[in-house]
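Visitor: Give me a 3D structure for the following:
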Amino acid sequence: MSLGFASYPSGSFVELMDKLEDGLPNLPKQEARVAQYMLLNVTTLGPETGKSLAIRVGVAEITVGRLMRRLGYNGTKDLKELLRQHYAVGGNTSVPQHDLAPHLRQALEAEISVIRNVFDQTTGKHWDKASELVSQSSSIFVTGFQSVSGLAKDFSVRLGLARPKVHYLSPHDGMLGEWITHDQASSTTECLVLVDVVPYAKEAAELIRISKEQGRKCIVVSDEFCHWSHNLADAVIYAPSITGLYLESTVGINIALSLLTDVAARKNANVSKQRLEWWKKNSRRLNLF
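Guide: Next up is the predicted model:
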């Protein structure tokens with residue numbers, strides 16, 4: 001998929017290690033020292049940069065950059081990004097898990113289970129229906145309440161980059177003015193995505209009823225206690241929230257919304273690619289970044 005404004009090296013950290021191992025016998029002496037150090041210290045490279053790595057090995061920083069370019073990368077810049085991706089996103093850190101406080105270790109395991117739970121739901125019929133709706137509906141309305149309203153707003157922006165006609169709905173502010181239409185038939189191709197957690201907003205269930213009465217489909221993304229959504233929505237994604245932290249976790253909901261954005265983009269790949277290019281161009285013209 002396209003990567004927004006971010007610029008990432010092609011390939012993965014594992015592929016870099018493979019290239020280092022394969023190329024080691026033919027590398028110049030100084031570059032071979034760097035490669036050998038990286039291969040022997042793969043589990044503790046997370047915090048390194050091109051400069052710190054050069055100091056540890058006893059070579060010039062330019063040697064690290066030359067090695068990366070020889071392997072097809074953009075010098076130490078790509079090395080830093082590959083390390084960041086692997087050790088931050090991949091979950092590998094230079095800090096052993098047994099150094100965590102007991103309650104944090106338990107929370108970590110619980111959060112990992114939450115993520116796995118949400119991903120497991122992508123094989124079910126509710127996910128299939130949600131995927132169909134976010135990719136094929138003529139318009140998407142997104143709303144969220146209380147502490148997760150920010151997640152809903154963020155999702156509406158991200159989904160709007162992947163596909164057209166995505167609107168954030170604020171029932172309190174607009175009093176559903178967006179749903180006033182003389183063409184009731186158009187509502188039957190629209191979809192509402194509602195995000196909420198316990199204690200649920202009083203208007204959440206009623207909003208779904210109104211939406212359904214007007215012909216719209218509905219997806220609910222909520223926590224494991226949302227017993228009422230199953231009988232109202234066309235698709236429900238449940239994200240476990242109890243992980244032992246001070247407040248209920250929203251990691252699962254965030255993952256679910258990110259996956260919905262991804263599936264909308266993948267099912268309309270040409271459209272999403274073009275929209276991302278337009279977004280970049282407009283943002284740069286406004287000199288936002």
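Visitor: quick one: the strands in the stretch 151-289 of the chain?
Guide: Using DSSP state E, counting those that start in this stretch, the strands of the stretch 151-289 of the chain run over 166-168, 190-196, 217-222, 235-238.
Visitor: Identify the residue nearest residue 127 in space, chain neighbours excluded?
Guide: Take residue 127 and drop its neighbours on the chain: the residue closest to it by CB to CB, 6 or more residues apart in numbering is residue 121, 5.4 Å away. Backbone N, C-alpha and C define where each C-beta goes, glycine included.
Visitor: Please report how far residue 173 lies from residue 202.
Guide: Residue 173 sits 16 Å away from residue 202, going by CB to CB, to the nearest Å.
Visitor: For the closest residue to residue 60 other than its chain neighbours, which residues are in contact?
Guide: Distance criterion CB to CB, 6+ apart; nearest residue to residue 60, sequence neighbours excluded, is residue 54 at 6.2 Å. Contact analysis of residue 54 by CB atoms under 8 Å, 6 or more residues apart in numbering lists 34, 60, 61, 63, 64.
Visitor: I'd like the next helix or strand past the helix or strand that contains the fourth one.
Guide: Following DSSP states H and E, the helix or strand that holds residue 63 is helix 61-70. Towards the C-terminus, the helix or strand next in line after helix 61-70, according to DSSP H and E, is helix 75-84.
Visitor: buried residues in whichever helix or strand comes after that following helix?
Guide: Per DSSP H and E, helix 75-84 leads on to helix 102-120 as the next helix or strand towards the C-terminus. Buried residues in helix 102-120, defined by neighbour count with 16 or more other CB atoms under 10 Å: 107, 110, 111, 114, 115, 117, 118.
Visitor: And stretch 192-208, by the same measure?
Guide: 192, 193, 194, 195, 196, 197, 200, 201, 204, 205, 207, 208.
Visitor: Any idea how far it is from the middle of the chain?
Guide: Offset of stretch 192-208 from its chain centre (CA atoms, centre = their mean, to the nearest Å): 23 Å.
Visitor: first to last residue in it, what's the distance?
Guide: 8 Å (CA to CA, to the nearest Å).
Visitor: Please enumerate residues in contact with it?
Guide: 134, 140-149, 151-152, 155, 169, 171, 211, 216-223, 225-226, 228-229, 232-233, 241, 248, 250, 253, 257, 260.
Visitor: one more time with 7 Å
Guide: With contacts defined as CB atoms under 7 Å, 6 or more residues apart in numbering, stretch 192-208 is touched by 140-148, 151-152, 171, 211, 216, 218-223, 225-226, 228, 232-233, 241, 248, 253.
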